[in-house]
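[1] Quick one, fold the following:
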Amino acid sequence: MTTTPPEVTEFRRQFPIFERKVHLASNSRGAMHVSHPAAFEEYTRLWVEGGTPWGPYMERTEDLRAGYAEFIGASPHEIAITASATTGLASVASALDAKKRPVVVIDDYNFPSIVYLWLAQQARGIELRRVSPNDEGIITPEAFDAVLDERVAMVSVTHVCFKNGHRLDLAAVGKRARDVGAIFAVDDYHCTGARVLDVDKLNIDVLTTGTVKFLLGGAGVGLLYVRDQVVENLHPTVTGWFGQDNPDNIQIDELLEAGDARRFQITAPALSGVYESYAGLKVLQEVGATTIEPYIEGLTARAMDRLDAAGFVSPTPADPNLRGPLVTVRAKDPGAAVAKLAEHDIVVSHRGGNIRAAFHYYNTFEDIDRLIDALEDARDLMVTASDVPAPVH
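    Sure, this is the predicted structure:
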């Protein structure tokens with residue numbers, strides 16, 4: 001496929017930003033859909049009319065739990081609404097017993113916020129083992145073999161790396177974690193909404209993410225999946241009233257944690273964000289992840305081909321099986337390059353010396369052509385093939 005299908009063009013019209021700009025930053029924040037203002041208006045209308053409309057607010061929260069559960073092949077009672085990807089995982093981490101199984105395995109492509117969480121757990125006896133990429137920048141499932149044994153409580157990885165777009169083979173790593181009896185936890189913030197994700201098929205026990213990126217949702221809303229069988233054995237020490245069996249049972253005599261994944265939900269969710277997130281989720285459900293995923297794969301393939309032909313250098317894996325919806329380009333001055341692209345009305349971001357272009361179902365093949373043209377204008381700010389020494393054989 002080299003031309004944009006008409007159904008994508010129609011979908012794109014529902015996002016006003018494309019009237020003015022090329023939005024290639026869904027990894028930072030998804031574009032606003034035309035339904036978002038109405039969702040926020042509903043939230044505010046209920047507030048104005050009802051004063052304290054907790055009934056409908058909680059109903060919408062349950063709608064979001066159920067909708068997200070369906071999106072990842074889970075059950076609603078396996079979902080908690082959290083403040084962020086990190087706080088959700090932090091509540092789960094607080095339930096680990098460092099005396100029984102003290103080791104947590106992490107990979108070097110984890111987002112710093114997750115790594116900081118695990119570094120902090122060392123103060124209570126958690127030992128960390130790290131898995132690094134090989135010389136080609138790939139983290140293979142086999143790389144986990146040397147660090148997995150019966151002392152490992154959890155394997156905590158990222159699905160798609162925020163700085164280079166590397167995508168981990170979750171099914172293979174998850175099987176390895178399960179073989180040693182470890183919990184397999186995945187940070188999917190830089191992919192959820194862009195690919196088909198079935199937690200059972202991928203051997204995932206814990207999945208943490210947020211709605212503000214590829215899920216096209218509101219800020220301040222995290223989503224946490226915890227498999228039923230895992231919930232039974234985890235009792236968080238970081239908790240709150242929304243983690244109780246009945247938050248309306250206002251008492252201070254005993255801890256009565258929820259019987260499902262809600263036990264990891266510390267406090268009331270960001271309600272306006274819940275309304276916006278549910279609106280974004282419905283938009284994606286109408287298209288379907290089975291339609292979204294192959295289309296984005298086509299965009300990333302086209303982007304990688306065009307970058308290579310133009311002589312730009314991308315640290316994103318060339319193998320399509322090892323990359324997500326994010327393509328990166330090396331830059332000499334990433335901040336200046338992002339600013340230069342903004343002069344062309346192209347919205348991108350940068351991390352770790354790379355410009356990041358993220359693709360979603362509203363992007364087109366023409367967007368990629370415009371990106372390459374803008375990069376040509378910023379060539380003096382970019383790393384090109386002529387800057388990279390040839391390999392020695």
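[2] can you list the domains in this structure?
    Per the record, the chain has its domains at 6-24+288-378, 37-285, by automatic domain parsing.
[3] Turn those domains into CSV, columns for mean pLDDT, mean neighbour count and distance to A385.
    Where you see a C-beta, it was placed from the backbone N, CA and C, and this is true even at glycine. Putting those into CSV (pLDDT from 0 to 100; neighbours: other Cβ atoms under 10 Å; distance: least, Cβ to Cβ, whole Å) gives the following:
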stretch, mean pLDDT, mean neighbour count, distance to A385
domain 6-24+288-378, 97, 18, 5
domain 37-285, 96, 19, 17
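[4] Turn those into JSON lines, including distance to S386.
    Converted to JSON lines, the domains of the chain look like this (distance: least, Cβ to Cβ, whole Å):
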{"stretch": "domain 6-24+288-378", "distance to S386": "7"}
{"stretch": "domain 37-285", "distance to S386": "20"}
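[5] Go through the ones you listed and name the closest to V388.
    Using Cβ to Cβ as the measure, domain 6-24+288-378 is the one of these that comes nearest V388, at 5.9 Å.
[6] End to end on that closest one, go ahead and measure it.
    Chord length of domain 6-24+288-378, first to last residue, is 31 Å (Cα to Cα, to the nearest Å).
[7] which is the next helix or strand following the longest strand along the chain?
    If you go by DSSP state E, the chain has its longest strand at strand 152-158. Using DSSP states H and E, the helix or strand that follows strand 152-158 in sequence is helix 170-179.
[8] Quick one: list the elements packing against that next one.
    Helix 170-179 sits against strand 152-158, strand 183-187, with contacts defined as 3 or more Cβ pairs under 8 Å, 6 or more residues apart in numbering; DSSP states H and E.
[9] and the angle from the first one to strand 183-187?
    The directions of strand 152-158 and strand 183-187 differ by 20 degrees, with axes from the mean of the first three to the mean of the last three Cα atoms, to 10 degrees as the criterion.
[10] Tell me which stretches of the stretch 151-300 of the chain form strands.
    152-158, 183-187, 206-210, 222-226 (DSSP state E, counting those that start in this stretch).
[11] Tell me which other helices or strands the longest strand of the chain touches.
    With contacts taken as 3+ Cβ pairs under 8 Å, 6+ apart, strand 152-158 sits against strand 103-107, helix 112-121, helix 170-179, strand 183-187.
[12] A336 is nearest to which of the ones you listed?
    With Cβ to Cβ as the measure, helix 112-121 is the member of the helices and strands packed on strand 152-158 nearest A336 (23.2 Å).
[13] T239 is nearest to which of the helices and strands packed on strand 152-158?
    When those are compared by Cβ to Cβ, helix 112-121 sits nearest T239, at 16.1 Å.
[14] Please pull up the helix or strand immediately following the closest one.
    The first helix or strand that comes after helix 112-121 along the chain, using DSSP H and E, is strand 127-131.
[15] send the alpha carbons of that following strand over as CSV?
    C-alpha atoms of strand 127-131 as CSV (Å, rounded to 0.1, in the frame of the first residue of the first chain):
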residue,chain,number,x,y,z
GLU,A,127,17.4,-6.9,44.2
LEU,A,128,17.5,-5.8,40.6
ARG,A,129,18.8,-7.6,37.5
ARG,A,130,19.1,-5.8,34.2
VAL,A,131,18.8,-7.1,30.7
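[16] which residues are contacting that strand?
    Applying Cβ atoms under 8 Å, 6 or more residues apart in numbering, the external contacts of strand 127-131 come out as 102-108, 118-119, 122, 139, 143-144, 147, 151-152.
[17] ok, the residues you listed vs A342, which is closest?
    Nearest to A342 among the contacts of strand 127-131, counting by Cβ to Cβ, is D108 at 30.6 Å.
[18] Relative to I126, how far out is the closest one?
    18 Å (Cβ to Cβ, to the nearest Å).
[19] now do Q265
    In terms of Cβ to Cβ, Q265 sits 23 Å off from I126.
[20] do the same with V287
    41 Å.
[21] same question, P317
    Relative to I126, P317 is positioned 31 Å away (Cβ to Cβ).
[22] before we move on, what about Y68?
    Using Cβ to Cβ, Y68 is found at 29 Å from I126.
[23] Then A318?
    Using Cβ to Cβ, A318 is found at 36 Å from I126.
[24] and if you look at I79?
    Distance from I79 to I126, counting by Cβ to Cβ: 26 Å.
[25] so which helix or strand takes in T61?
    Secondary structure from DSSP H and E places T61 in helix 54-72.
[26] Remind me what that helix packs against, helices and strands.
    Counting contacts by 3+ Cβ pairs under 8 Å, 6+ apart, helix 54-72 is packed against helix 36-50, strand 79-82, strand 222-226, helix 271-287.
[27] redo that, cut-off 6 Å
    Other elements packing on helix 54-72 under the criterion 3 or more Cβ pairs under 6 Å, 6 or more residues apart in numbering; DSSP states H and E are strand 79-82, helix 271-287.
[28] Pull the residues that contact it.
    Helix 54-72 has contacts (Cβ atoms under 6 Å, 6 or more residues apart in numbering) with 46, 75-76, 79, 81, 197, 199, 223, 269, 271, 274-275, 277-278, 281.
[29] Now do the same for A357: helix, strand or coil?
    Assigned by DSSP: H, G, I helix; E, B strand; the rest coil, the conformation of A357 is strand.
[30] out of everything not next to it in sequence, what's closest to it?
    Nearest residue to A357 in three dimensions, chain neighbours excluded: L24, at 4.3 Å (Cβ to Cβ, 6 or more residues apart in numbering).
[31] CA atoms only: put the longest helix seen in the chain into CSV for me.
    Criterion DSSP state H: the longest helix present in the chain is helix 289-310. C-alpha atoms of helix 289-310 as CSV (Å, rounded to 0.1, in the frame of the first residue of the first chain):
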residue,chain,number,x,y,z
ALA,A,289,-7.2,-2.8,16.5
THR,A,290,-7.1,-5.4,13.8
THR,A,291,-7.6,-2.6,11.2
ILE,A,292,-5.3,-0.1,13.0
GLU,A,293,-2.3,-2.4,13.5
PRO,A,294,-1.5,-3.4,9.8
TYR,A,295,-2.1,0.2,8.6
ILE,A,296,0.4,1.6,11.1
GLU,A,297,2.9,-1.1,10.1
GLY,A,298,2.6,0.1,6.5
LEU,A,299,3.3,3.6,7.6
THR,A,300,6.4,2.7,9.6
ALA,A,301,7.7,0.6,6.8
ARG,A,302,7.3,3.5,4.4
ALA,A,303,9.0,5.9,6.8
MET,A,304,11.9,3.6,7.3
ASP,A,305,12.4,3.1,3.6
ARG,A,306,12.2,6.9,2.9
LEU,A,307,14.6,7.7,5.7
ASP,A,308,17.1,5.1,4.4
ALA,A,309,16.9,6.3,0.9
ALA,A,310,17.4,9.9,2.0
